[in-house]
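Trainee: 3D, please:
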Amino acid sequence: MKKAVIIPARYASSRLPGKPLRLLKGKPLVQYAYEIAKNTSAHIVLVATDDKRILEAVKSFGGEAVLTSSDHPSGSDRVAEVVRDMEVDVVVNLQCDEPLLQPQLIDALFEAFKNQKVEIATLIGPLSQEEWIDPNVVKVVRDKEGFALYFSRAPIPYPRDGGGVKEGLYWRHIGVYAYRKETLLKITSLPPSPLELEEKLEQLRFLENGFKIFTVPSIYRSPSVDTEDDLRKVIELLP
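Mentor: Predicted structure coming up:
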């Protein structure tokens, strides 16, 4: 199985402009993502960006990067452009917003594709009570085989009889995806779906079109960086 990790890096992030180049202890977020990817079993690691500043930054730390179109509506579309003519079986889409992600979790995603039923896989992690009510934290519920039933910014599942978040039932989505190449090309050819547009979650396009998403649990708490406040919190967690 030929494996690739592609890191889509867009400069014009709405909530944190210039996010891939924002520094954590002197190192840009895109470099954290690249180093995580290089510590996996991936045969190919590549940054896909529409901005020459990011391209030059990646080259400055010895990484590989390519320029892509600036018209892509999502990271998956940018990844699809890069892998379309690439000889690869499984592709991981690793954003620049998970600087504390453990490399073995990416290998766990690759491992999931030994199951021929898996076309798309993603990571999930523990969910706190505070995160459960936070619309910036995406929640996921899944079936008995580990496939996602739904993703939402709303607090799901909802405990009608009260009580707090229950371990093993309440999950936070970690926005790292893996796909079989042919599946990635199919889903990125589809138009945005109604639920995707309503919740602003691209994975709902996959579910609405009948694609199943396998979820790989993580025991690690890996905070993502989407806002200035997130950036400050992650800096405090770095060694």
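Trainee: what's the single longest strand in this structure?
Mentor: Ranked by residue count and defined by DSSP state E, the top strand of the chain is strand 171-180.
Trainee: Enumerate every residue touching Leu46.
Mentor: By C-beta atoms under 8 Å, 6 or more residues apart in numbering, the residues touching Leu46 are 4-7, 64-66, 82. (Each C-beta comes from the backbone N, C-alpha and C, glycine too.)
Trainee: And the residues you listed, which is closest to Ala121?
Mentor: Val5 (13.3 Å; C-beta to C-beta).
Trainee: Quick one: residues contacting that closest one.
Mentor: Taking C-beta under 8 Å, 6+ apart as the test, what Val5 contacts is 37, 40, 42, 44-46, 91-92, 94, 106.
Trainee: And the furthest pair within those?
Mentor: Greatest spatial distance in the contacts of Val5: Leu46 and Ile106, 14.1 Å, computed using C-beta to C-beta.
Trainee: Next, the buried residues of stretch 138-157.
Mentor: Within stretch 138-157, the residues scored as buried using 16 or more other C-beta atoms under 10 Å are 138-140, 142, 146-148, 150-152, 155-157.
Trainee: what residues does that stretch touch?
Mentor: Applying C-beta under 8 Å, 6+ apart, the contact partners of stretch 138-157 are 122, 124, 127, 132-133, 135-137, 169-173, 175, 199-201, 203-204, 207, 212-216.
Trainee: if I look at Glu196, how far off is Ser152?
Mentor: 12 Å (C-beta to C-beta, to the nearest Å).
Trainee: same thing with Asp77?
Mentor: 22 Å.
Trainee: what residues are up against the residue lying farthest from the centre of the chain?
Mentor: In terms of distance from the mean C-alpha position of the chain, Asp161 ranks first, at 33.1 Å (C-alpha atoms, centre = their mean). For Asp161, the contact set (C-beta under 8 Å, 6+ apart) is empty.
Trainee: What is the three-state secondary structure of it?
Mentor: coil (DSSP: H, G, I helix; E, B strand; the rest coil).
Trainee: Would you mind giving both backbone torsions of it?
Mentor: Main-chain torsions, Asp161, degrees, to the nearest 10: phi -90, psi 10.
Trainee: ranges for the helices of the protein?
Mentor: Secondary structure of the chain (DSSP state H): helices at 29-38, 52-60, 75-83, 103-112, 129-132, 181-187, 194-199, 203-208, 228-237.
Trainee: Going by mean pLDDT, which of those comes out lowest?
Mentor: The minimum mean pLDDT among the helices of the chain belongs to helix 228-237 (a mean of 85).
Trainee: quick one: contacts for Val92?
Mentor: Applying C-beta under 8 Å, 6+ apart, the residues contacting Val92 are 3-6, 37, 40, 42, 106, 109-110, 176-178.
Trainee: let's see it at 7 Å
Mentor: 5, 42, 106, 109, 176, 178 (C-beta atoms under 7 Å, 6 or more residues apart in numbering).
Trainee: with the residues you listed in mind, which one is nearest to Glu56?
Mentor: Looking across the contacts of Val92 and measuring by C-beta to C-beta, the closest to Glu56 is Val5, at 20.6 Å.
Trainee: For the spatially closest residue to Lys52 that is not a sequence neighbour, give its distance to Leu190.
Mentor: What sits nearest to Lys52 in space, not counting adjacent residues and going by C-beta to C-beta, 6 or more residues apart in numbering, is Leu67, at 7.2 Å. Between Leu67 and Leu190 the distance is 25 Å, computed by C-beta to C-beta.
Trainee: And Asp71, by the same measure?
Mentor: Following C-beta to C-beta, the distance that separates Asp71 from Leu190 is 16 Å.
Trainee: More neighbours: the two, which one.
Mentor: Between Asp71 and Leu190, Leu190 has the larger neighbour count (other C-beta atoms under 10 Å), namely 13 against 9.
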